[in-house]
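**Q** quick check, what structure comes out for this input:
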Amino acid sequence: MTTTSIAGHTVDVNDEGFFVDPNQWTEDMVPALARAEGIDDLSEQHWQVIRFMRSQYQEKGTGPTVRVLGKTSGVTVKELYTLFPKGPAKVAAKIAGIPKPRGCI
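**A** Prediction:
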């Protein structure tokens, strides 16, 4: 576990950069987290996915897979890969401050 600073907040992250405690996340961290993943401009669809990831984590204890995300978030799988080219579920989870979803490499 490592401690890092994101948007002026000190947070604990694991060796892959995922939040250890999702309760340390705030929405004002999202632009910095997104930039670290190569996403400079956040669209409303980005926010839709990020908020969906958090709600699914809070409801189910894990983030959704890409397949589930594409079927239930209101954003298609094709759009997800355009929004988060390095891997939608993994990158969106990192930006949303939740642990890496099961099944993500």
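
**Q** what's the neighbour count on residue 18?
**A** 19 (other Cβ atoms under 10 Å). Where you see a C-beta, it was placed from the backbone N, CA and C, and this is true even at glycine.

**Q** residue ranges for the strands of this structure, please.
**A** 2-6, 9-13 (DSSP state E).

**Q** contact partners of the last one?
**A** The list of residues contacting strand 9-13 from outside it, by Cβ atoms under 8 Å, 6 or more residues apart in numbering, reads 1-5, 19-21, 24-26, 29.

**Q** now it - C-alpha only, PDB.
**A** Output in PDB follows, covering the C-alpha atoms of strand 9-13 (Å, rounded to 0.1, in the frame of the first residue of the first chain):
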ATOM      1  CA  HIS A   9      -6.200  14.800  -0.800                       C
ATOM      2  CA  THR A  10      -4.000  12.100   0.700                       C
ATOM      3  CA  VAL A  11      -5.200   8.700  -0.300                       C
ATOM      4  CA  ASP A  12      -4.100   5.100   0.100                       C
ATOM      5  CA  VAL A  13      -3.600   3.100  -3.200                       C
END
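
**Q** next, the buried residues of it.
**A** Of all the residues in strand 9-13, those buried under the rule 16 or more other Cβ atoms under 10 Å are 11, 13.

**Q** what about it, average pLDDT?
**A** For strand 9-13, mean pLDDT rounds to 95.

**Q** how far does it sit from its chain's centre?
**A** Centroid separation for strand 9-13 versus its chain: 15 Å, with Cα atoms, centre = their mean, to the nearest Å.
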